[in-house]
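Asks: After the sequence you'll find the predicted model.
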Amino acid sequence: MAVTLRDVAQHAGVSPRTVSNVVNGFPHISPAMRAKVEAALSELNYKPNLLARSLRQGRTGIITLLVPEIAVSYFGELAHEVVERASERGCTVMIDETGGQPDRERALLDGAAESSWVDGVLLSSQGLHGRDLAGLAPNMPVVLLGERTASTTLDHVGIDNVKAAREVVRHLIDSGCRRIAAIGGSVGASDATSHLRLKGYRQELRAAGLPADGLYARTPDYTRASGAAAVRSLLGREDRPDGLFCFSDELAAGALRELYEQGLSVPSDVSVVGFDDVAEARFATPSLTSIRPDKAKIATVALDMLFQRMQGSEAKPRDVRIGYELIVRESSTLSPRPARSLARPMQRGAARRP
C-alpha cells in the first residue's frame with residue numbers, strides 16, 4: 001500500500017499540513033522541523049502522487065506530440081528533441097502518429113481537447129485545413145510544426161523550405177549539374193512541405209536559365225523504396241539527370257542504392273542531395289549532402305510557445321522561422337569548396353563541412 005502524507009505525519013509526530021508544506025517546498029519551515037519531516041519521508045520511502053498534485057493545480061504536465069509517421073527518421077529525431085526539452089521542464093510527452101490523414105489528425109486533436117489529461121498539443125499536420133483547426137476547443141493550446149497546411153490562428157514553428165530548396169539546388173548547379181531532377185512529394189494535395197520544396201527547386205532552376213518542369217518524379221511517400229523507384233523511372237529517360245534533389249534523406253538513401261545497382265558513380269555520374277540531415281546521412285556511402293534544420297531549436301521554440309499558451313497567453317499567433325544549414329558531403333562534390341564560398345547567415349541558411 002502506498003505511503004500517504006498522513007502516514008508520514010504520524011511517523012514524524014507532526015500534522016499532515018506540515019508534511020505537505022515540506023513536500024511542496026513551502027519556505028517558512030524551520031530547519032529542524034524540515035529535517036525531521038524529511039527523515040520520516042526517507043524512512044517510509046514516501047513517493048509523491050505527482051498526477052494528483054498536478055490535477056489539483058489544474059495541469060497534468062502531459063503534452064501530446066502528433067506526427068505523420070514515427071518511423072520516418074526526421075520525425076523520430078524531432079520527437080527525441082521534444083522529449084528531451086519537455087523533460088527539462090518537468091513534462092511528459094505522449095507521441096502518436098497520424099499517417100498524415102486529416103480524419104485521424106482531427107480525431108486525435110478532438111480527443112486531446114476533450115481529455116482532462118493533456119495540457120497542450122504539438123502538431124505536425126499534413127491534412128488539416130484552417131477551417132478544421134478553427135473549431136478546436138479554445139482551452140486546448142496547439143502549436144503547429146513544419147509547414148502550415150492553411151491560414152490558421154495557431155502559433156507555428158518551421159523552416160523556410162523554399163529558401164532551403166533554392167540553396168541546395170544552387171549547390172548542385174555550382175557543382176556542375178545541368179539536368180537536375182526533383183524526387184519527392186506525396187499524393188496528398190495538402191502536403192505543404194513538398195509543395196514548397198518543389199517551388200524552391202523550380203525557382204532556382206528558372207533563375208539559372210535551366211528547364212524547371214520536366215524532371216520531377218513524384219513519390220507516394222518519403223521512403224527509401226520510393227526513392228529507388230523514382231530513380232529507376234528517371235534513368236529510363238533520354239535526358240537522364242546528372243543531379244538529384246531528394247525531398248528527404250530517406251528518399252536520397254533509396255536513390256543512392258538504386259544508382260549503385262545501376263552501376264553509376266556518385267557524384268561522378270550523378271550528384272545526390274537530401275533534406276533533413278538525419279543520422280543516416282553521415283554514414284551513407286558516399287556520405288550525403290543535406291539540409292540540416294535546427295531540430296533542437298524547433299523543439300525549444302515550439303515548447304516555449306506552447307507553455308505560454310498553456311499559461312493563458314492571448315498574444316497574437318506567431319509564425320517563427322528556424323535556421324538551417326547546408327551540409328556539404330561526398331554525394332555532391334568531387335572537390336569540396338571551402339565553407340566560406342557557401343556561407344550565409346544562419347537565419348537564411350548556411351553551408352559548412354560537417
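Replies: Nice, thanks for sending it over.
Asks: all strands for the stretch 251-354 of the chain, in order.
Replies: Assigned by DSSP state E, counting those that start in this stretch, the stretch 251-354 of the chain shows strands spanning 271-275, 289-293, 319-321, 324-327, 350-352.
Asks: Tell me which of those lies nearest to residue 12.
Replies: The closest of these to residue 12 is strand 319-321. By C-beta to C-beta, the value is 49.6 Å. In short, each C-beta sits where N, CA and C put it, glycine included.
Asks: what's the first-to-last distance across stretch 230-242?
Replies: 14 Å (C-alpha to C-alpha, to the nearest Å).
Asks: List the buried residues of it.
Replies: By neighbour count with 16 or more other C-beta atoms under 10 Å, stretch 230-242 contains the buried residues 230-231, 234, 241-242.
Asks: ok, of the strands of the stretch 251-354 of the chain, where does mean pLDDT dip lowest?
Replies: Mean pLDDT per stretch puts strand 350-352 lowest among the strands of the stretch 251-354 of the chain, at a mean of 52.
Asks: any idea which helix or strand carries residue 133?
Replies: helix 130-134 (DSSP states H and E).
Asks: Within the sheet, what are the partner strands of the helix or strand that that helix is followed by, with directions?
Replies: Next in sequence after helix 130-134, counting helices and strands by DSSP H and E, comes strand 142-145. Using DSSP bridges, the strands paired with strand 142-145 in its sheet are strand 120-124 (parallel), strand 155-158 (parallel).
Asks: Just say which of the ones you listed is most tucked in.
Replies: strand 120-124 (a mean of 24; mean count of other C-beta atoms under 10 Å).
Asks: So what's the model's average confidence on that one?
Replies: 93.
Asks: which residues are in contact with it?
Replies: Contact with strand 120-124 is made by 63-68, 75, 78, 82, 105, 109, 112, 140-146, 302-303, 306-307, 309-310, as judged by C-beta atoms under 8 Å, 6 or more residues apart in numbering.
Asks: do the same with stretch 227-238
Replies: For stretch 227-238, using C-beta under 8 Å, 6+ apart, the contacting residues are 181, 183, 215, 217, 219, 240-241, 244, 246, 250-255, 257-259, 262, 264.
Asks: among the residues you listed, which ones are buried?
Replies: By 16+ other C-beta under 10 Å, those give 181, 183, 215, 217, 219, 241, 244, 246, 250-255, 257-259 as buried.
Asks: Report the secondary structure element holding the residue nearest to the spatial centre of the chain.
Replies: Nearest residue to the geometric centre of the chain (C-alpha atoms, centre = their mean): residue 78, 4.0 Å. Here residue 78 sits within helix 73-88, counting by DSSP H and E.
Asks: May I see the strands paired with strand 142-145 arranged in CSV, with distance to residue 100 as well?
Replies: Putting these into CSV (distance: least, C-beta to C-beta, whole Å) gives the following:
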stretch, distance to residue 100
strand 120-124, 9
strand 155-158, 16
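Asks: Specify the stretch among the ones you listed that is closest to residue 285.
Replies: strand 120-124 (30.2 Å).
Asks: Could you report the neighbour count for residue 71?
Replies: Neighbour count of residue 71, defined by other C-beta atoms under 10 Å: 10.
Asks: Distance check, it against residue 278.
Replies: From residue 71 across to residue 278, the span is 12 Å (C-beta to C-beta, to the nearest Å).
Asks: Same question for residue 307.
Replies: To residue 278, residue 307 is 27 Å away according to C-beta to C-beta.
Asks: I'd say residue 177 and residue 242 touch.
Replies: Yes. Judged on C-beta atoms under 8 Å, residue 177 makes contact with residue 242 at a distance of 5.0 Å.
Asks: which neighbours do these two share?
Replies: Joint contacts of residue 177 and residue 242 (C-beta under 8 Å, 6+ apart) are residue 271.
Asks: Quick check: residue 228 vs residue 116, distance?
Replies: 47 Å.
Asks: More neighbours: which of these two?
Replies: Taking other C-beta under 10 Å, residue 228 and residue 116 do not tie; residue 228 has more neighbours (19 against 6).
Asks: Secondary structure class of that one, three-state.
Replies: When classified by DSSP: H, G, I helix; E, B strand; the rest coil, residue 228 comes out as helix.
Asks: hmm, back to that, of residue 307 and residue 278, which one has the most company?
Replies: residue 278 (24 against 18).
Asks: which residue sits closest to that one, ignoring its sequence neighbours?
Replies: Distances taken as C-beta to C-beta, 6 or more residues apart in numbering put residue 73 closest to residue 278, at 3.8 Å, once the chain neighbours are dropped.
Asks: give me the number of residues near the one you found?
Replies: By the criterion of other C-beta under 10 Å, residue 73 has 20 neighbours.
Asks: residue contacts, it?
Replies: Per C-beta under 8 Å, 6+ apart, neighbours of residue 73: 249-250, 276, 278-280.
Asks: is it true that residue 234 lies in a helix?
Replies: Yes. Counting by three-state DSSP, residue 234 is located in a helix.
Asks: pLDDT score for it?
Replies: Confidence at residue 234, expressed as pLDDT, is 95.
Asks: Might you report the residue contacts of the closest residue in space to residue 195 that isn't next to it in sequence?
Replies: Once flanking residues are discounted, residue 195 sits nearest to residue 185: 7.6 Å by C-beta to C-beta, 6+ apart. Residue 185 is in contact with 191, 194-195, 198, 216, 218-219, 247, counting by C-beta under 8 Å, 6+ apart.
Asks: if you set the cut-off to 7 Å instead, what comes out?
Replies: Neighbouring residues of residue 185 by C-beta atoms under 7 Å, 6 or more residues apart in numbering: 191, 194, 198, 218-219, 247.
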